[in-house]
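Colleague: no sequence for this one, just the structure:
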């Protein structure tokens, strides 16, 4: 009735086991209660039901399968896509007193055999494994004899070819499950997935009547902003100078951009490192560890960096270029503020970003093993995603609401914590400009792209205008007095709200829609929100959020004595991290240190009331931190 895990247990035993999950949470992870959605997912797994959790980055997905894994009688296998993700998770579990291991290509053959041998002896409760390892002879030999209670599919969107990060190796998961003598409980987790991708995950993994829990995609502690500066580097440098000694990630579209930005920041005296696929493995490893261990404050990287990096004190994520889709952007931006404290997500947009992303889509090598029809469908879907990502950069509506609507959530269109909500707008009638744009598209027989239409309306005298005889078009020069940036704003507005559309092919031709005629015929006005003036002060908003939302856990409310104590605790944490050879946040997160400063524990009982301090960690570090607290109050 409750799956093979529970076949020898009655209802009373199940109820008792499920009442223990809060104790396990506190004992190993140091938390007194679960966050939203976590307990529901834990109880579903403990009841032997297939389970699917969709939770934003930083919402604590790992707890949802790690707690039941510790309570189940057998082994839990966690299928994970990246080495860095596995390493980080296993390191954290071992620090919490949980025996865990990973099996992937980073191990030598000798290390792999040794780890597999220990796994056969039952030394590990949780084993992380790369998907391509599942169906190898050695691993199958182990799996056929092992008591596997649960199989977890982490980053589950990788299984769907409609997802933003499809990995064909994930299709081996179902093949592996079918080979097992007894089917374990299957659980799947992802941070970013549209409804279509969610349905695809359930179908591909053959989940049986799964319990699906979606906690929502909103991260209220994150401030979102889009900027289109003339000089990206100068704008970014100004931001970094206003946020000294803070940890952050700068994402770039290409290796070339990473190298350029890294070099300039280094020359300007910033504590910075870099990460991209063109570096040697050892250099990538060292650079990643420099960032995780806080030896370097800023990481400049391509999207190859970050999945599974649970560095809780990242205070900002800057996208130096626009990503290719909203899924990637929201996941990468979500690496800021994982501790729940205020953080900033800034996107620096330029038109060239669209061109670069379009090139990547047209030359995508990842989908070569798909058949031609599927490959073209994926390409069309990728172009549509790129278009919606571009609209995000142009919308004057609430940025948070735009992102949430993309994932199927609908709010009030005002969050009070994004650049658009904190900018004063006015409604402007742009009907005449819109009519000129639509008329030019119609009179040119819908044959050209955005740039040529705008150049025609502005009366440009380029070779292209003359070669296509657009200087003879009846709308040539009609909007010459309208600034180019305003023409582009209105053009984007018309596309965003369906008055025009752009084709999916590589030439991106502007076409009319059913709504175009009403504007041309004077039957419909086009109103557009346009900025009056900038009133946002990012730092002031950040402080407001810290004081009002993160009550009781905010460093902003520290007294001078508490500030000094916090720095002493951080120094002790760094010292212990060096001794243990782990990142500082693995010892205790900043949030735990902040709570420690407020509780000012004097005894073991006091210390165990601090969020993030469990029994195992107290035994390892508790007395040293108690001593530090006592000395810090003298």
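Modeller: Sure thing, it's come through. Keep in mind that this is a model prediction, so the values were computed, not measured.

Colleague: how far away is the spatially most central residue of the chain from residue 317?
Modeller: In the chain, the residue lying closest to the centroid (Cα atoms, centre = their mean) is residue 331, at 1.6 Å. Residue 331 sits 10 Å away from residue 317, going by Cβ to Cβ, to the nearest Å. C-betas here are computed from N, CA, C, even on glycine.

Colleague: what's the overlap in contacts for those two?
Modeller: Shared contacts of residue 331 and residue 317, defined by Cβ atoms under 8 Å, 6 or more residues apart in numbering, are absent.

Colleague: if we can go back for a sec, ok, and the closest non-adjacent residue to the residue nearest to the centre of the chain?
Modeller: residue 192 (4.9 Å; Cβ to Cβ, 6 or more residues apart in numbering).

Colleague: Does the residue nearest to the centre of the chain touch residue 193 like I think?
Modeller: No: look at residue 331 against residue 193 with Cβ atoms under 8 Å: they stay out of range, at 10.2 Å.

Colleague: Now list whatever residues contact both of the two.
Modeller: Here residue 331 and residue 193 have no joint contacts, going by Cβ under 8 Å, 6+ apart.

Colleague: Domain map for the protein?
Modeller: For the chain, automatic domain parsing gives the domain ranges 4-214, 222-422, 425-534, 551-632.

Colleague: coming back round to it: for the residue nearest to residue 331, the count of nearby residues, please.
Modeller: Counted with other Cβ atoms under 10 Å, residues neighbouring residue 192 total 26.

Colleague: What separation do you get for it and residue 214?
Modeller: Distance of residue 192 to residue 214, computed by Cβ to Cβ: 12 Å.

Colleague: Ramachandran coordinates for the closest residue in space to residue 423 that isn't next to it in sequence?
Modeller: Leaving aside its sequence neighbours, residue 423 sits nearest to residue 531 (Cβ to Cβ, 6+ apart; 5.1 Å). Torsion angles at residue 531 (phi, psi; degrees, to the nearest 10) stand at phi -70, psi 140.

Colleague: can you pull the contacts of residue 531?
Modeller: Residues near residue 531 by Cβ under 8 Å, 6+ apart: 396, 423-425.

Colleague: Identify the farthest-apart pair in the residues you listed.
Modeller: 396 and 424 (11.0 Å; Cβ to Cβ).

Colleague: quick one, which of the two is more surrounded?
Modeller: Neighbours were counted for residue 396 and for residue 424 using other Cβ under 10 Å; residue 396 has more, 15 against 10.

Colleague: which non-adjacent residue is nearest the more buried one?
Modeller: Of all residues not flanking residue 396 in the chain, residue 529 sits nearest, at 4.1 Å (Cβ to Cβ, 6+ apart).

Colleague: Can you name the residues bridging to that neighbour?
Modeller: Per DSSP bridges, the residues bridged to residue 529 are residue 427.

Colleague: if you go through the stretch 301-450 of the chain in chain order, where are the helices?
Modeller: In the stretch 301-450 of the chain, the helices defined using DSSP state H, counting those that start in this stretch lie at 326-333, 351-362, 372-394, 399-406, 431-443, 450-458.

Colleague: which one of those is the most hemmed in?
Modeller: With neighbours defined as mean count of other Cβ atoms under 10 Å, the helices of the stretch 301-450 of the chain peak in mean count at helix 326-333, which reaches a mean of 23.

Colleague: low pLDDT regions in this protein?
Modeller: 1-19, 163-164, 306-309, 366-370, 504-506, 533-557, 634 (pLDDT under 70).

Colleague: Name the residue most distant from the centre of it?
Modeller: Outermost in the chain, Cα atoms, centre = their mean: residue 472 at 49.1 Å.

Colleague: From residue 84, how far out is that one?
Modeller: Noted for residue 472: a distance of 58 Å to residue 84, by Cβ to Cβ.

Colleague: How about residue 167?
Modeller: Per Cβ to Cβ, residue 167 is found 15 Å from residue 84.

Colleague: Among these two, which residue is more densely surrounded?
Modeller: Between residue 167 and residue 84, residue 84 has the larger neighbour count (other Cβ under 10 Å), namely 22 against 19.

Colleague: quick one, phi psi at that one?
Modeller: The phi/psi pair for residue 84 (degrees, to the nearest 10) reads phi -60, psi -40.
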